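> need coordinates for the below:
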Amino acid sequence: MSYLNKKTRNKISKKQSSRYRNFVITAIILLITFLVFIFSVDWYIDNKFDQFIYTDIDRIPRKKIALVLGTSKYINQQETNRYNAYYTYRIKAAAELYQAKKVDGILVSGDNSTEFYDEPSQMTEDLIRLGVPSQYINQDYAGFRTLDSIVRAKEIFGLEDYTIVSQKFHCQRALYIAQSKGQNPVAFSASDIQSVAGIKTRLREFFARFKAFLDCKILRTNPKFLGEPETLHYRGHS
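Numbers count the residues shown, from 1 in each chain. This is a model prediction of the structure:
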């Protein structure tokens with residue numbers, strides 16, 4: 001009887017070990033498949049949209065409006081002497097487009113989730129300082145994410161053929177979202193950052209691109225807010 005019990009226990013132990021081994025192998029295969037898929041999405045977005053991104057202001061086609069994607073002006077909101085270079089370069093690029101008559105108006109889209117944090121108003125102030133007339137700067141206060149800014153550009157402001165302004169890596173994702181939503185913009189690449197901060201941002205972008213894929217192709221995510229259509233103001237249009 002004891003011998004039979006021992007034999008039975010061994011069989012059970014072997015079955016459990018086999019199940020555990022199969023589980024681990026399956027988990028590893030799924031993980032590898034998932035990682036390959038994420039890398040594939042990143043590669044696709046990194047290589048598909050370069051033809052729509054311009055770095056030479058003389059070569060970029062003229063559009064009615066430039067959409068400037070928002071970010072914080074400061075690295076830390078409590079340290080207003082530490083400027084965010086991504087922000088500075090985007091604002092400068094947008095002003096250059098207007099001054100070169102490559103766009104006739106600007107739409108600044110960013111986060112205004114609280115009364116103490118207002119990206120669009122900050123961008124407006126800095127564009128005015130660089131010589132862009134205030135009457136040709138339009139604000140989207142509900143651009144909480146890139147997806148929100150891109151979708152609202154069409155649904156709220158009626159834009160489909162316009163110029164996106166941001167760093168190249170960000171422009172690539174924005175163009176992916178825009179084309180997924182049936183839009184046809186181009187992009188003007190602002191100067192990038194070559195530093196440790198830039199590496200960290202690129203790592204975040206890797207996962208942001210996969211989230212963009214999920215939002216556009218799987219979840220069909222909508223912006224946090226839509227609302228009524230708004231009229232854009234731009235040079236030559238009263």
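> the residue most central in space within the chain and S17, how far apart?
By CA atoms, centre = their mean, the chain has its centre lying nearest to T146, at 4.2 Å. Here the distance between T146 and S17 works out to 48 Å (CB to CB, to the nearest Å). Yep, even glycine has a C-beta here, placed from its N, CA and C like the rest.
> now swap in F157 and tell me
Counting by CB to CB, the separation of F157 from S17 is 62 Å.
> tell me which of the two has more neighbours.
Between F157 and S17, F157 has the larger neighbour count (other CB atoms under 10 Å), namely 18 against 10.
> so where do the strands sit in this protein?
53-54, 65-69, 74-76, 79-83, 105-109, 137-140, 163-167, 186-190 (DSSP state E).
> in JSON lines, list those strands along with mean neighbour count and distance to T26.
Output for the strands of the chain, formatted as JSON lines (neighbours: other CB atoms under 10 Å; distance: least, CB to CB, whole Å):
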{"stretch": "strand 53-54", "mean neighbour count": "18", "distance to T26": "41"}
{"stretch": "strand 65-69", "mean neighbour count": "28", "distance to T26": "41"}
{"stretch": "strand 74-76", "mean neighbour count": "13", "distance to T26": "44"}
{"stretch": "strand 79-83", "mean neighbour count": "10", "distance to T26": "48"}
{"stretch": "strand 105-109", "mean neighbour count": "27", "distance to T26": "44"}
{"stretch": "strand 137-140", "mean neighbour count": "21", "distance to T26": "46"}
{"stretch": "strand 163-167", "mean neighbour count": "27", "distance to T26": "40"}
{"stretch": "strand 186-190", "mean neighbour count": "24", "distance to T26": "41"}
